[in-house]
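Asker: predicted model, plus sequence, below.
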Amino acid sequence: MADRLPHEKGFHVSWDQIHRDARALAWRLDGKGPDDGAWRAVVAITRGGMAPAMIVSRELDIRTVDTISVKSYNKQEQSEPRVIKSPQAEMMGDGTGILIVDDLVDTGKTLELVRRLYPKAHFATVYAKPSGKPMVDTYITEVSQDTWIFFPWDMALQYVEPYRGKD
Ligand SMILES: O=P(O)(O)OC[C@H]1O[C@H](OP(=O)(O)OP(=O)(O)O)[C@H](O)[C@@H]1O
Ligand code: HPA
Ligand SMILES: [Mg+2]
């Protein structure tokens, strides 16, 4: 949606930071599954949810990991989310005992779509913006709606001019 642009602020997340925050997410979810505290599987919302889901599944020692592919953004422009690839239907059922992980919730449209498909699943994101918060069950850090989060997989180290050298 063009009217969401531009984002006033940037929140730049390093690999170290996302690792720390995804671990914090895992620890918060530990023992909270419906079956004696256990989770049956982790499902990553690709692509952004894959690195956090890998870290969460490693921390909680969950070996069953699947993906649901939802596309809703092209760069910073939003369109209607659509499912491009679904996880294994027999495993998912209504979502009971399934931990669905994404990197962030922004407007909440992606999670709204996935929630409709798996209403009993638990939805966890590392970061959350206010509009999307009602769609997420567990998250670690909140950022304001006018902030764009930059993830390490979208960035590269590069040279910058010294402060005194700028015009
Ligand atoms: O709450 P929303 O407003 O729906 O936005 C959040 C979603 O948008 C981004 O994914 P994107 O569709 O850009 O795909 P990607 O994960 O492959 O980068 C992000 O990874 C979330 O999945
Ligand atoms: O703030 C964001 N950062 C990266 N991807 C996103 N997709 C929706 N919002 C964001
Ligand atoms: Mg995504």
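Answerer: Nice, thanks for sending it over. Ligands and ions are numbered 1, 2, ... in the order given.
Asker: wait, residue 68 touches residue 43, no?
Answerer: Yes - with contacts counted by CB atoms under 8 Å, residue 68 reaches residue 43, the gap being 5.8 Å. For the C-beta atoms, the positions are set from N, CA and C on the backbone; glycine is no exception.
Asker: would you tell me whether the helix or strand of the chain with the lowest mean pLDDT gets close to ligand 2?
Answerer: Ranking every helix and strand in the chain by mean pLDDT, DSSP states H and E puts strand 77-85 at the bottom, with a mean of 87. No - Strand 77-85 stays clear of ligand 2 (CB under 6 Å from any ligand atom), getting no nearer than 7.1 Å.
Asker: which neighbours does that strand have in its sheet, and in what orientation?
Answerer: strand 65-74 (antiparallel) (DSSP bridges).
Asker: hmm, the strand it pairs with in reach of ligand 1?
Answerer: Yes - interface with ligand 1: strand 65-74 contributes 71-73 (CB under 6 Å from any ligand atom).
Asker: list the buried residues for that strand?
Answerer: For strand 65-74, burial by neighbour count (16 or more other CB atoms under 10 Å) applies to 65-68, 70.
Asker: average pLDDT across that strand?
Answerer: If you average the pLDDT over strand 65-74, you get 89.
Asker: do the same with stretch 124-133
Answerer: 98.
Asker: chain center to that stretch: distance?
Answerer: Averaging C-alpha positions (CA atoms, centre = their mean, to the nearest Å) puts stretch 124-133 8 Å from its chain's average.
Asker: could you export it as PDB, CA atoms only?
Answerer: Provided in PDB are the C-alpha atoms of stretch 124-133 (Å, rounded to 0.1, in the frame of the first residue of the first chain):
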ATOM      1  CA  ALA A 124       4.900 -16.300  17.500                       C
ATOM      2  CA  THR A 125       7.000 -13.500  16.000                       C
ATOM      3  CA  VAL A 126      10.200 -12.000  17.000                       C
ATOM      4  CA  TYR A 127       9.100  -8.400  16.400                       C
ATOM      5  CA  ALA A 128       5.700  -6.800  16.400                       C
ATOM      6  CA  LYS A 129       4.100  -3.500  15.300                       C
ATOM      7  CA  PRO A 130       1.000  -2.200  17.100                       C
ATOM      8  CA  SER A 131      -1.500  -2.900  14.200                       C
ATOM      9  CA  GLY A 132      -0.500  -6.600  14.000                       C
ATOM     10  CA  LYS A 133      -0.300  -7.300  17.800                       C
END
